[in-house]
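In: got a sequence here, can you build the structure:
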Amino acid sequence: MVKYKYMIADKIFEIIKETQPISTFTFWEKSFNLLKKETQALSFIEKKQVYNKAIERALHAARKGARTEFICAVLFFDLVKTKHLTTKKIRQETNDNTANYVKCYVFAEESLPEKSILEHSYRTSLKLAAIKTNFPTICAAMLHEIPTHTELKVEDLEKLFDKETTTLVKQFINIRTIKSSNNAQYIHHLREMIVAMAQDLRVIIIKMCSNIDRMELYGSVYSNKKLHEVATESLEILAPLANMLGIWELRWQLEDLSFKILQPEEYKKINQRFDVDERKNRQKYIQKTTAQIKRVAKEANIDCQIAGRFKHFYSIYQKMKIKKKSFNDICDVFALRVIVKNEDDCYRMMGLIHRLWRPKKRRIKDYLAAPKTNNYKSLHTTVFGLNGRPTEFQIRTKEMDDIANFGIAAHWFYKNPKRKTPDWMHELLVQQQQYEKDEEFLSEFSSKILQDRIYVHTPKGDVIALPSNSTPIDFAYAIHSQVGHKCSSALVNDVKAPLDKVLTTNDVVEIVVNRQQAGPRAGWLNFVQTNTAKKHIQEYLDQFPIERAFRL
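Out: As a prediction, the model looks like this:
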């Protein structure tokens, strides 16, 4: 029995080594040793119960991809609750993050009146730990229901917890409900949400994770009306924001869960079709493909992890509805993700894949040498795989994969933990303050931020997202300021087009550059849509006021 329990602990450590930075490995070793040491004083039955519960909770958190300190923290809940261990000792033996989260959990357990609310708070914090947010955010998620469901106020929490955590709880209370209907209360909540986001974007990410959990597990608790409100809010407001922030992991969950609640019959049709036609065949194909790749990777001494990617139901529904495509057309290409240790291994792995299967022309993309503007990095290639079936591979490191899935949250984890809000969010705050009339604000917010986007392509197949009504000039400046400045003409879908032509989704745009051209024309300001284009054009013209008069 003892051997079996230690086997689970070893399994947890194996998962940590596969998914977490090397610098965090010692946290697990210290925490596990502390758990063993502190349970020695318990009776045999109590020791067994506490240990088993702790290790099972840690295994679940590890499988969800939670940060190492979070996995360590869940080991100590019962020991601290029963006064067999103090958070002070946890802090001394492990680190501040682990101790702070344990303190939040135990306090929430003692304060919240219903177990379901505690479990919701825990699952929300676990989701945040899995997308690599920092610990004040994770702790705030653990406390976020207390001011609503108890007599305790945020001011009471400020006496017990750090200011950063309690400020996030306070901001969350302001945006707890954003009912999706065009009334004064809805618009008021939207304005509050923007202010909270501009102050600290992490508060809206707590909101996203909380909504996901409510839709996943609260169907039996909420009324249909309440559940529909949460789903509508998630689909209309939160999912587009997750998309803007690059947090794809949250975006697809918000969309698919909302889709299931709001359009159950359409969801059911796709789910049944996927089960009947796709799932088993895909799993077999992925298993066979994975086995071949792992064999050649082992021969080349490359450590790798491989996972198949399924298209999400709402994405399938949208493409069938908007692009009038059949289910088979959309689900025709298999997609696999290969995670390796470093950039050199990315290129080596692509070479191995190309030796196994013939690559498809014009489907090789190197986002390592030329990352996307949102810092997305990866190698992409589509090959004619087993039985000649088109198969797409995305090859990247663990850090690149986290940034691709978790967007700005992963940037906090890997790069800059002090940066809380991107520049465009501050710009949004300034913009919303300019609209005194609620109707005008709602129109601008809905069109410019949430819904009105088009997606056009470069001749190489790269996708560029632009506001609706954008033109080739907007496209040119999205590529690079000098491409915009020297833009002389454009081809849209291989046909010459005027520079003020309004682009639509799926247009293929090619910019013709004239290097002898002095710069942009002032008249372009009359039709460009993006702030990037307006800024670069204006800055150039301000440098040459005389030339401006001749370039209208």
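In: now name the helix or strand holding residue 382.
Out: When elements are assigned from DSSP states H and E, residue 382 belongs to strand 379-384.
In: I'd like to know which elements that strand is packed against.
Out: helix 343-356, strand 358-359, strand 365-366, strand 390-397 (3 or more CB pairs under 8 Å, 6 or more residues apart in numbering; DSSP states H and E). For glycine as for every other residue, the C-beta is placed from the backbone atoms N, C-alpha and C.
In: how big is the angle separating that strand from strand 390-397?
Out: Strand 379-384 runs at 160 degrees relative to strand 390-397, counting by axes from the mean of the first three to the mean of the last three CA atoms, to 10 degrees.
In: which of the helices and strands packed on strand 379-384 sits closest to residue 53?
Out: Among the helices and strands packed on strand 379-384, strand 390-397 comes nearest to residue 53, with 35.1 Å by CB to CB.
In: so what are the sheet partners of the strand holding residue 382 and their directions?
Out: Next to strand 379-384 in the sheet, as set by DSSP bridges, lie strand 358-359 (antiparallel), strand 365-366 (antiparallel), strand 390-397 (antiparallel).
In: output these as a markdown table; include the columns mean pLDDT, mean neighbour count and distance to residue 512.
Out: Shown next, in a markdown table, are these (pLDDT from 0 to 100; neighbours: other CB atoms under 10 Å; distance: least, CB to CB, whole Å):
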| stretch | mean pLDDT | mean neighbour count | distance to residue 512 |
| --- | --- | --- | --- |
| strand 358-359 | 90 | 13 | 29 |
| strand 365-366 | 86 | 16 | 23 |
| strand 390-397 | 89 | 21 | 31 |
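In: minimum distance to residue 20: which of these has it?
Out: Closest of the strands paired with strand 379-384 to residue 20 is strand 390-397, at 13.6 Å (criterion: CB to CB).
In: got the angle for that closest one vs helix 343-356?
Out: Using the same axes, to 10 degrees: strand 390-397 against helix 343-356 is 160 degrees.
In: could you confirm residue 466 falls within a strand?
Out: Yes. Assessed with DSSP: H, G, I helix; E, B strand; the rest coil, residue 466 lies in a strand.
In: next, the contact list for it, please.
Out: When contacts are counted by CB atoms under 8 Å, 6 or more residues apart in numbering, residue 466 touches 453, 454, 455, 456, 474, 475, 478, 503, 529, 530.
In: what's opposite it in the beta bridge?
Out: Each beta-bridge partner of residue 466 is listed here, defined by DSSP bridges: residue 454.
In: from here on, call the first residue 611.
Out: Taking 611 as the first residue, the last one we looked at is residue 1076.
In: thinking again about what came up before, make CSV out of the helices and strands packed on strand 989-994 and add distance to residue 863.
Out: Below are the helices and strands packed on strand 989-994 laid out as CSV (distance: least, CB to CB, whole Å):
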stretch, distance to residue 863
helix 953-966, 27
strand 968-969, 32
strand 975-976, 26
strand 1000-1007, 20
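In: for residue 652, which of the ones you listed is the nearest?
Out: Residue 652 lies closest to strand 1000-1007 among these, at 42.7 Å (CB to CB).
In: so after the closest one, what's the next helix or strand?
Out: On the C-terminal side of strand 1000-1007, the nearest following helix or strand under DSSP H and E is helix 1008-1016.
In: for that next one, name the packing helices and strands.
Out: On a contact count with 3+ CB pairs under 8 Å, 6+ apart, helix 1008-1016 meets helix 858-872, strand 944-950, helix 1018-1024.
In: mean pLDDT for these - can I get that in CSV?
Out: Formatted as CSV, these follow (pLDDT from 0 to 100):
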stretch, mean pLDDT
helix 858-872, 89
strand 944-950, 86
helix 1018-1024, 52
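In: to residue 717, which of those lies closest?
Out: Closest among the helices and strands packed on helix 1008-1016, using CB to CB: helix 1018-1024, at 24.5 Å.
In: if we can go back for a sec, okay, buried residues for the strand holding residue 992 please.
Out: The neighbour-count criterion (16 or more other CB atoms under 10 Å) identifies 989, 990, 991, 992, 993 as the buried residues of strand 989-994.
In: I'd like the average pLDDT over it.
Out: The pLDDT scores in strand 989-994 average 90.
In: now do stretch 622-639
Out: Mean per-residue pLDDT for stretch 622-639: 88.
In: which residues sit against that stretch?
Out: With contact meaning CB under 8 Å, 6+ apart, stretch 622-639 is reached by 642, 665, 668-669, 672-673, 675, 677-679, 681-682, 704-705, 708, 915, 1008.
In: so where's the stretch 1011-1160 of the chain shaky on pLDDT?
Out: The stretch 1011-1160 of the chain contains residues with pLDDT under 70 at 1016-1063, 1065, 1071-1073, 1115-1116, 1154-1160.
In: going along the chain, name the helices of it.
Out: 1018-1024, 1033-1043, 1048-1054, 1082-1089, 1091-1095, 1141-1153, 1155-1160 (DSSP state H, counting those that start in this stretch).
In: quick one on the thing from earlier: turn the strands paired with strand 989-994 into JSON lines, including distance to residue 1109.
Out: JSON lines is the format used below for the strands paired with strand 989-994 (distance: least, CB to CB, whole Å):
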{"stretch": "strand 968-969", "distance to residue 1109": "36"}
{"stretch": "strand 975-976", "distance to residue 1109": "27"}
{"stretch": "strand 1000-1007", "distance to residue 1109": "34"}
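In: right, and these - which one's nearest residue 945?
Out: Per CB to CB, nearest to residue 945 of the strands paired with strand 989-994: strand 1000-1007, 4.5 Å.
In: could you give the angle of that closest one to helix 1008-1016?
Out: Relative orientation of strand 1000-1007 and helix 1008-1016, computed by the same axes, to 10 degrees: 120 degrees.
In: you'd agree residue 916 is up against residue 947?
Out: Yes. Here residue 916 reaches residue 947: they are 7.1 Å apart, a contact under CB atoms under 8 Å.
In: look up the residues that both of those two are in contact with.
Out: With CB under 8 Å, 6+ apart, residue 916 and residue 947 have no common neighbours.
In: quickly list the domain ranges of this protein.
Out: Listed domain ranges for the chain are 875-1024, 1062-1160 (source: automatic domain parsing).
In: hmm, back to that, could you dump the helices and strands packed on helix 1008-1016 to TSV with mean neighbour count and distance to residue 818?
Out: Shown next, in TSV, are the helices and strands packed on helix 1008-1016 (neighbours: other CB atoms under 10 Å; distance: least, CB to CB, whole Å):
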stretch	mean neighbour count	distance to residue 818
helix 858-872	22	5
strand 944-950	21	23
helix 1018-1024	22	10
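In: so which of those is nearest residue 750?
Out: Taking CB to CB, helix 1018-1024 is the member of these nearest to residue 750, at 13.8 Å.
In: sorry, back to before: chain center to the strand holding residue 992: distance?
Out: In terms of CA atoms, centre = their mean, to the nearest Å, the centre of strand 989-994 is found 24 Å from the chain centre.
In: can you list contacts of it?
Out: 943, 956-957, 959-960, 963-964, 966-970, 973-978, 1000-1006.
In: can we see that at 10 Å?
Out: Applying CB atoms under 10 Å, 6 or more residues apart in numbering, the contact partners of strand 989-994 are 899, 943-945, 948, 950, 953, 956-957, 959-960, 963-964, 966-979, 999-1006, 1010, 1071.
In: and the helices and strands packed on helix 1008-1016 as TSV, adding distance to residue 765?
Out: Output for the helices and strands packed on helix 1008-1016, formatted as TSV (distance: least, CB to CB, whole Å):
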stretch	distance to residue 765
helix 858-872	31
strand 944-950	45
helix 1018-1024	27
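In: which one of these lies nearest to residue 1078?
Out: Closest approach to residue 1078 among the helices and strands packed on helix 1008-1016 (CB to CB): helix 858-872, 19.5 Å.
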